[in-house]
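Fold the following for me, if possible:
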Amino acid sequence: MKCNKENIIVALIVAIFLTFNFIIFTSLLDIKPNEEKLKPKIVLISHVYTNPYWQYVKMGAEKAAKERGAIISYEGPNVANAEEGVKLINMAYASKVSGIITYVQEEEKYIKVINKVVDAGIPLLTVDSDAEKSKRIAYIGTNNVQAGVEAAKEMIKRIGHNGNVGIIMGGKSVKNQIERVNGFKEYIEKNSNINVSDIESSDSYLIEAELAAKKILTNNLKIDALLCTSALDGPGAAKAVMNMGLSGKVKIISFDDLPETLEYIEKGIITSTVVQRPYNMGYNSVNIIMNIIEGKKEEGIYYTDVVIVGKENVDEFKKQQGEYKNEQ
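This is a model prediction of the structure:
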């Protein structure tokens with residue numbers, strides 16, 4: 001009988017111990033979700049979800065979010081589509097997120113939803129492409145007109161003051177693409193006799209860029225160079241030039257520093273590229289949103305710089321990029 005009592009007491013002690021530990025364990029499991037709920041949630045809406053350029057924007061945003069104690073939700077249309085972009089903003093608005101960072105496909109289609117979000121007290125920034133007519137708090141990205149000017153200067157440097165140029169742009173209704181082309185054309189018209197023979201759109205797709213380049217080069221037999229204004233246009237044009245046996249004969253001035261672009265520069269297929277700072281765009285955007293959440297005043301335009309990379313400096317550029325990424 002005494003033995004049974006002792007066994008019962010031991011069993012009760014073990015049961016209490018196990019129950020106590022279970023409670024502690026489950027409470028610890030709940031800490032992370034509760035902490036996550038308290039963190040500001042910022043939605044980053046890209047041009048096209050899978051576009052490699054936007055992965056750099058995402059990386060910068062995630063780095064800043066980690067430093068500032070926020071959560072990044074990366075979204076974007078599967079294909080370039082203004083209506084889908086607007087829909088994603090509305091979804092973020094309905095979710096009552098802490099802030100929105102968005103690409104603008106077509107300004108006029110975005111103004112209403114941007115104004116609605118800002119009027120509701122949710123800070124919204126535009127990135128890479130602006131909607132300056134809206135109530136957006138700030139724009140973070142390249143001065144796209146000036147980037148077009150820099151591309152024009154590089155074109156004159158590479159082919160001289162005379163020649164015929166074809167342009168491949170990532171969408172004929174996309175604001176930042178229009179601004180780059182306008183900046184380019186205005187500068188060459190004032191400072192050279194270069195003629196723009198043809199303009200085609202890739203909608204920021206690699207295969208479409210290749211097809212656009214082939215179309216330009218087939219329809220215009222005296223093309224001296226191609227200007228490619230979005231990230232995937234340069235590699236697409238490079239494929240077309242190689243397949244048509246025109247490597248070295250047709251210059252290519254591209255945008256951005258995708259690994260393929262830099263490889264084509266090393267091979268002498270792409271002549272040079274206007275490199276933007278997508279990582280900085282994402283990083284700066286999140287910091288501005290967090291500053292606003294913390295009560296600081298932030299508004300206006302925050303330009304990120306560009307740099308020209310060609311065969312003569314591509315090795316040094318890649319070295320700097322490697323060192324920079326290792327610091328992240």
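
Isn't residue 273 up against residue 254?
Yes. Under the criterion of C-beta atoms under 8 Å, residue 273 is in contact with residue 254, at a separation of 4.4 Å. The way it works is simple: take the backbone N, C-alpha and C, and place the C-beta from them, glycine included.

intersection of neighbour lists for these two?
Listed as contacting both residue 273 and residue 254 by C-beta atoms under 8 Å, 6 or more residues apart in numbering are 234, 261.

all helices of the stretch 51-200 of the chain, in order?
52-68, 82-94, 107-119, 144-159, 175-191 (DSSP state H, counting those that start in this stretch).

Not counting its own residues, what contacts the helix or strand containing residue 42?
Following DSSP states H and E, one finds residue 42 within strand 41-45. The contact list for strand 41-45 (C-beta under 8 Å, 6+ apart) reads 57-58, 61, 65, 70-76, 85, 88-89, 92, 95, 97-103, 127, 282, 285-286, 289.

mind listing what that strand pairs with, with the direction of each?
Sheet pairing of strand 41-45 (DSSP bridges) gives strand 71-75 (parallel), strand 99-102 (parallel).

Packed most tightly, which of these would that be?
Comparing the strands paired with strand 41-45 by mean neighbour count (mean count of other C-beta atoms under 10 Å), strand 99-102 ranks first with a mean of 28.

Let me know the average pLDDT across it.
Taken as a whole, strand 99-102 carries a mean pLDDT of 99.

got the CA coordinates for it in CSV?
Below are the C-alpha coordinates for strand 99-102, written out as CSV (Å, rounded to 0.1, in the frame of the first residue of the first chain):
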residue,chain,number,x,y,z
GLY,A,99,3.7,50.7,-46.1
ILE,A,100,3.8,50.1,-49.8
ILE,A,101,6.7,50.4,-52.3
THR,A,102,5.6,50.0,-55.9
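
So between residue 273 and residue 254, which is more surrounded?
More neighbours surround residue 254 than the other of residue 273 and residue 254, with 32 against 29 (other C-beta atoms under 10 Å).

In CSV: the helices of the stretch 51-200 of the chain, plus distance to residue 219, mean neighbour count and mean pLDDT.
Formatted as CSV, the helices of the stretch 51-200 of the chain follow (distance: least, C-beta to C-beta, whole Å; neighbours: other C-beta atoms under 10 Å; pLDDT from 0 to 100):
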stretch, distance to residue 219, mean neighbour count, mean pLDDT
helix 52-68, 28, 20, 97
helix 82-94, 29, 18, 98
helix 107-119, 31, 18, 98
helix 144-159, 19, 21, 98
helix 175-191, 18, 20, 98
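
what would those look like in CSV with distance to residue 41?
Formatted as CSV, these follow (distance: least, C-beta to C-beta, whole Å):
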stretch, distance to residue 41
helix 52-68, 10
helix 82-94, 9
helix 107-119, 14
helix 144-159, 29
helix 175-191, 26
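
domain ranges for the chain?
Following automatic domain parsing, one gets these domains for the chain: 39-142+278-327, 144-255.

Distance from the chain centre to the longest one, please.
With C-alpha atoms, centre = their mean, to the nearest Å as the basis, the distance from the averaged C-alpha position of domain 39-142+278-327 to the chain average is 7 Å.

Over to the last one?
When distances are taken as C-alpha atoms, centre = their mean, domain 144-255 is centred 21 Å away from the chain's centroid.

Just put the strands paired with strand 41-45 in TSV and tack on distance to residue 145.
Compiled in TSV, those are given as follows (distance: least, C-beta to C-beta, whole Å):
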stretch	distance to residue 145
strand 71-75	28
strand 99-102	21
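
how much space between residue 296 and residue 117?
Taking C-beta to C-beta, to the nearest Å as the measure, residue 296 falls 19 Å from residue 117.

With residue 136 instead?
For residue 136, the distance to residue 117 equals 9 Å [C-beta to C-beta].

joint contacts of the two?
In contact with both residue 136 and residue 117: residue 124, using C-beta under 8 Å, 6+ apart.

show me where pLDDT drops low in the chain?
Applying pLDDT under 70 to the chain flags the ranges 1-37, 323-328.

Once you drop chain neighbours, what's closest to the residue nearest to the spatial centre of the chain?
In the chain, the C-alpha closest to the average C-alpha coordinate belongs to residue 54, at a distance of 3.3 Å (C-alpha atoms, centre = their mean). Of all residues not flanking residue 54 in the chain, residue 46 sits nearest, at 4.0 Å (C-beta to C-beta, 6 or more residues apart in numbering).

Perfect, I'm done here.
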